[in-house]
Each structure stands twice: as structure tokens, then as C-alpha cells.
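Undergrad: Just a sequence and a predicted model for now, questions to come.
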Amino acid sequence: MIYACAMKEIKTKFDILNTEFSLQYHRNPINSIQTRLKSTASIVEKLAKLHQSVDIEHIDEHIHDIAGVRVICSYIDDVYLVAEALLKQDDITLVTRKDYIAQPKENGYRSLHLIVKVPVFLSERRLEMEVEVQLRTIAMDFWASLEHQLHYKSIGNKKVSSALTEELKHCADSIYEIDERMQDMFNQINEL
């Protein structure tokens with residue numbers, strides 16, 4: 001329940017930012033916002049992989065993505081604009097930042113990942129809760145969704161061939177090139 005509340009707090013912050021940006025810039029830099037809460041089974045599985053027992057201390061210490069918010073933006077610059085606007089808020093504390101856009105993963109995955117703490121106010125106490133925020137463009141999300149289906153959903157226990165792995169990486173690079181071209185065109189239009 002507390003993680004669900006933290007997730008709602010972050011989603012609301014992004015909704016408010018998007019409303020402000022639509023008035024300020026006459027467009028919405030946020031295309032969509034998705035939320036997810038890690039299932040109990042997934043938490044138990046992750047702790048088992050880490051050789052940790054299932055208790056609150058180990059969950060708090062080792063699992064930082066129980067509550068997740070994914071923000072899909074139109075352009076690369078929007079990802080950073082929206083992330084910085086969130087991080088400027090005085091009740092948000094940055095725990096970790098991993099910029100997989102500037103430094104993509106080996107398989108081609110790109111996204112900006114933030115672990116932030118946000119206060120959750122209950123009837124008799126305030127808790128600082130962690131939420132994982134992933135920010136990416138529409139194109140990056142398209143690739144990540146398909147890669148996830150191909151890698152984790154479709155093949156089960158089968159090993160992905162090196163040729164398929166290489167093709168996925170090539171697609172990720174091509175999609176990023178398109179993202180950069182779209183960003184460049186957007187910048188040119190705004191300069192007119």
C-alpha cells in the first residue's frame with residue numbers, strides 16, 4: 001500500500017508538470033505515463049537471486065524498484081527536461097541516476113533511470129519511499145517493449161542466438177539515430 005501511494009505521488013507530479021509544460025511550451029513533452037507495482041512473487045524471486053531472506057529489511061535494502069513509473073516523452077531533450085523538473089522539487093531526493101541514453105546497455109537498451117525518494121504522508125506518520133522512474137522517448141519505448149517480448153516472453157528457456165542479439169542491437173542503434181534526427185528537426189522548426 002505504501003509503495004502504491006509513493007507511485008501515485010510521483011505520477012501526480014508528472015501530471016502536474018505536463019499540464020504546466022503544455023501551457024508554457026504549447027505542447028506536451030510527456031506522451032504517456034505508466035505505473036507498475038512489482039508483484040510479491042517477483043520480489044521473492046529477486047531476493048532469492050540475491051540470496052536474501054524475505055523480510056522488510058532485505059526488501060528495503062536490496063529492492064529499489066517495487067514502485068515504478070515510466071514516462072514516455074516525444075524527444076530526447078524532453079526526457080532530460082522532465083527529469084530535471086522532477087529533481088528540482090524540494091521534496092524529491094535523488095538516490096541513483098543511470099543514464100542509459102548517453103551510455104546504452106550492451107544490448108542497445110536506452111532510457112534514463114532514476115531512483116528517487118518521495119514523502120508519503122499517512123494519518124500518523126511520514127515515510128520516505130523509493131520509486132524507480134524510467135524516462136525514455138517513444139522510439140526507445142517501442143524498442144524496449146519489443147525486445148522484452150522477444151527476449152523474455154516469447155522464447156522461454158531457449159537461448160537467443162548471437163545473430164538475433166546482434167540484430168536487436170542494430171535496431172536499437174537505428175532507432176536512436178531516428179530519435180536524434182527527429183530531435184534535430186524539432187529544434188530546426190523551433191528556430192524559425
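TA: Good, I have the coordinates.
Undergrad: Could you pull up the mean pLDDT of the host helix or strand of residue 173?
TA: Assessed by DSSP states H and E, residue 173 sits inside helix 162-191. Per-residue pLDDT over helix 162-191 has a mean of 91.
Undergrad: Return the set of residues that bridge with the residue most central in space within the chain.
TA: Computing the C-alpha centroid of the chain and ranking residues by Cα atoms, centre = their mean puts residue 134 first, at 1.0 Å. Beta-bridge pairing for residue 134 (DSSP bridges): residue 70, residue 113.
Undergrad: Mind giving me the packing neighbours of the worst-scoring helix or strand of the chain on mean pLDDT?
TA: Least confident helix or strand of the chain, by mean pLDDT, DSSP states H and E, is helix 56-62 with a mean of 70. Secondary-structure packing of helix 56-62 (3 or more Cβ pairs under 8 Å, 6 or more residues apart in numbering; DSSP states H and E): helix 40-49. All C-beta spots, glycine's among them, are computed from the backbone N, C-alpha and C.
Undergrad: Would you mind pulling the contact partners of the least confident helix or strand of the chain?
TA: Helix 56-62 has contacts (Cβ atoms under 8 Å, 6 or more residues apart in numbering) with 43, 46-47, 50, 52, 66.
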